[in-house]
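>>> For reference, the sequence and a predicted model appear below.
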Amino acid sequence: MKPKHIILNIVFIFSLVVLSASAGISCKAAPPYISLFTVTPAEINSGALSTLKWEVKDAAKVTIDQGIGEVPATGSKQLSPSETTAYTLTASNSGGTVTRSVVLYVKEPAPPPVTPPAENKTLLIKDVSTSSETENSVVITWTTNEPATSVVDYGKEADYGLTASSDELTTQHNLTLTGLEPNSAYHFQVTSVDKAGKEASSIDDIFVTAQETSDYSLAVLSEEWGRETETSDIGMQGTTVEGKTYLYVKGQLQNKSRATLHAVIMTMNCWSGSNIVKYEVYVYRGPSLPGQVFSFEIKTADDPTVDNVTVDFADEVGRPMKVTEQP
């Protein structure tokens, strides 16, 4: 029976060894788990804000670099870096260390538009025009691309000799020239100077003042124009033949002046569209007392292209007369 006891003792000793070894083994902890680490928005303009969010489980310590430092396991932080930056979260416990990184992209601001200094801009004059207010005055207008003064040099010769000016800084220029002679040609040139001292001038140009108006006036009581063809009897049983065709204009006028009219110069203008293709001058010989009514008729050879006829009236020295139309 002795061998049996020996076997039992061996089994007992082996069991003690196994139990002792088992008592010395312990389970290792799992490392932390990063369930969330984001930056929203992921791209910003310089100076704008973005939000960094994170959530970590089973961590003994959580840190974020770029100067943020240790943080709680769950949290958020607003960021506004001046340049593109990578952020790394580090979580650790007895089971180990884990990391995760995100990048926040920062767009560089667009450079401001470059505007050339005002003093480098060229002063420009354009749209120079003239208009007659009376036979003794003319208005000169022009524009500039920046505020500037207004000067007009003018005279009957190209060396001018007369000047009108305004020191007001403006882009819309307007000067009235007075004391001019009626129906006369004048040379002129406009000049502007801006606040920086830059100067611009137009080329030499010419305007003509309006013709002096008459002291006499007329009222048109009636006026009509048309065509008529002359016929002649050739003496053969009343047979007639057609002759020349004429344009005519005729009507009745009344002297509305306070003085006697001694003559009226009438110009028959024959129009084709917007062009005068021919004209005829007729002189009415008075006298015509104030308020007196008189008739007129003007004829000229026909032009088939004529589609309208008008009449201009002037006194005996050629000054345009004031004309009104009576209903």
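That came through, no problem. Numbers count the residues shown, from 1 in each chain.
>>> What is the subsequent helix or strand relative to the helix or strand where residue 99 lies?
Element membership of residue 99 [criterion: DSSP states H and E] is strand 96-107. For strand 96-107, the succeeding helix or strand toward the C-terminus, using DSSP H and E, is strand 125-134.
>>> That next one: what's the following helix or strand?
That would be, after strand 125-134 and using DSSP H and E, strand 137-155.
>>> so what's the residue positioned nearest the centre of the chain up against?
Centroid-nearest residue in the chain, with C-alpha atoms, centre = their mean: residue 145, separated by 12.4 Å. Residue 145 sits next to 121, 123-124, 126, 171 when contact means C-beta atoms under 8 Å, 6 or more residues apart in numbering. Glycine gets a C-beta too; all of them are placed from N, C-alpha and C.
>>> In space, what's closest to residue 316 - neighbours in sequence excluded?
Distances taken as C-beta to C-beta, 6 or more residues apart in numbering put residue 263 closest to residue 316, at 4.0 Å, once the chain neighbours are dropped.
>>> While we're on the one you found, how confident is the model there?
If you check residue 263, the pLDDT there is 91.
>>> Name every strand pairing with the helix or strand where it lies and say which way it goes.
Using DSSP H and E, residue 263 sits in strand 261-272. Sheet pairing for strand 261-272, assigned by DSSP bridges, gives strand 275-288 (antiparallel), strand 308-314 (antiparallel).
>>> CA atoms only: put the last one into PDB for me.
These are the backbone C-alpha positions of strand 308-314, laid out as PDB (Å, rounded to 0.1, in the frame of the first residue of the first chain):
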ATOM      1  CA  ASN A 308     -42.500 119.200 -96.100                       C
ATOM      2  CA  VAL A 309     -42.300 123.000 -96.500                       C
ATOM      3  CA  THR A 310     -41.700 125.500 -93.700                       C
ATOM      4  CA  VAL A 311     -41.300 129.300 -93.700                       C
ATOM      5  CA  ASP A 312     -38.900 131.500 -91.800                       C
ATOM      6  CA  PHE A 313     -39.700 135.200 -91.300                       C
ATOM      7  CA  ALA A 314     -37.200 138.100 -90.800                       C
END
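>>> Give me the contacts around the next helix-or-strand element following that strand.
Per DSSP H and E, strand 308-314 leads on to strand 322-325 as the next helix or strand towards the C-terminus. If you take C-beta under 8 Å, 6+ apart as the criterion, strand 322-325 is touched by 213-214, 216-220, 256, 313.
>>> Show me what the mean pLDDT comes to for strand 322-325.
89.
>>> How far does it sit from its chain's centre?
42 Å (C-alpha atoms, centre = their mean, to the nearest Å).
>>> Kindly report the same for stretch 167-175.
The answer for stretch 167-175 is 20 Å, by C-alpha atoms, centre = their mean.
>>> now stretch 84-101
59 Å.
>>> Stretch 289-309 too?
49 Å.
>>> which residues sit against that stretch?
So stretch 289-309 is contacted by 221, 225, 227, 244-260, 264, 266, 268-273, 277-280, 282, 284, 288, 311 (C-beta under 8 Å, 6+ apart).
>>> from the residues you listed, which would you call buried?
Taking 16 or more other C-beta atoms under 10 Å as the criterion, what is buried in those is 225, 247-249, 251, 253-257, 264, 266, 268-271, 278-280, 282, 284, 288, 311.
>>> Let's have the strands paired with strand 261-272 in a markdown table, adding mean pLDDT and distance to residue 49.
Shown next, in a markdown table, are the strands paired with strand 261-272 (pLDDT from 0 to 100; distance: least, C-beta to C-beta, whole Å):
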| stretch | mean pLDDT | distance to residue 49 |
| --- | --- | --- |
| strand 275-288 | 90 | 74 |
| strand 308-314 | 94 | 77 |
